[in-house]
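Enquirer: sharing a model prediction with you, sequence too.
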Amino acid sequence: MIVDAHQHVFWQGRDDQGVVEDMDRHGISNAWILAWEIPPEEDNPDFRTILNPSNLRADGTHAGLTLDDVLRARDRYPERF
């Protein structure tokens, strides 16, 4: 059993399904999914091109990889995350 102890979903163009496919290619059985919450004052425009577009705030800043992202992935793949 191989466990990835640091993984993110919905970033770099990979959704939760893409992460599971990558895990399968590398023989990884489980992964710990981490959130990365970005406060508005720490926003960087470059984040908008690599992070989940649904996490853009009304003011145009990006919230990052939210707990909602982690829970959605866990709910879809409970045996993997």
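Expert: Cool, the structure landed.
Enquirer: which stretches in this protein count as helices?
Expert: 16-25, 67-76 (DSSP state H).
Enquirer: put together a markdown table for the ones you listed, with mean neighbour count on each row.
Expert: Quick note: C-beta positions are derived from backbone N, CA and C, even for glycine. As requested, those are exported to a markdown table (neighbours: other Cβ atoms under 10 Å):
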| stretch | mean neighbour count |
| --- | --- |
| helix 16-25 | 15 |
| helix 67-76 | 16 |
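Enquirer: so what's the closest residue in space to residue 32 that isn't next to it in sequence scoring on pLDDT?
Expert: Spatial nearest neighbour of residue 32, excluding adjacent residues (Cβ to Cβ, 6 or more residues apart in numbering): residue 5 at 5.3 Å. Per-residue pLDDT puts residue 5 at 97.
Enquirer: residue 5 and residue 33 touch, don't they?
Expert: No - the criterion here is Cβ atoms under 8 Å, and residue 5 misses it with residue 33 at 10.6 Å.
Enquirer: so which of the two has more stuff around it?
Expert: residue 33 (24 against 8; other Cβ atoms under 10 Å).
Enquirer: who does the more buried one bridge with?
Expert: residue 7 (DSSP bridges).
Enquirer: please report how far it lies from residue 70.
Expert: 5 Å (Cβ to Cβ, to the nearest Å).
Enquirer: do I have it right that residue 6 meets residue 36?
Expert: No - counting by Cβ under 8 Å, residue 6 does not reach residue 36; the two are 10.8 Å apart.
Enquirer: comparing those two, which residue is more hemmed in?
Expert: More crowded of residue 6 and residue 36, by other Cβ under 10 Å: residue 36, with 14 against 8.
Enquirer: contacts only, for that one.
Expert: 8, 64, 65 (Cβ atoms under 8 Å, 6 or more residues apart in numbering).
Enquirer: now with 6 Å?
Expert: By Cβ atoms under 6 Å, 6 or more residues apart in numbering, the contact list for residue 36 reads 64, 65.
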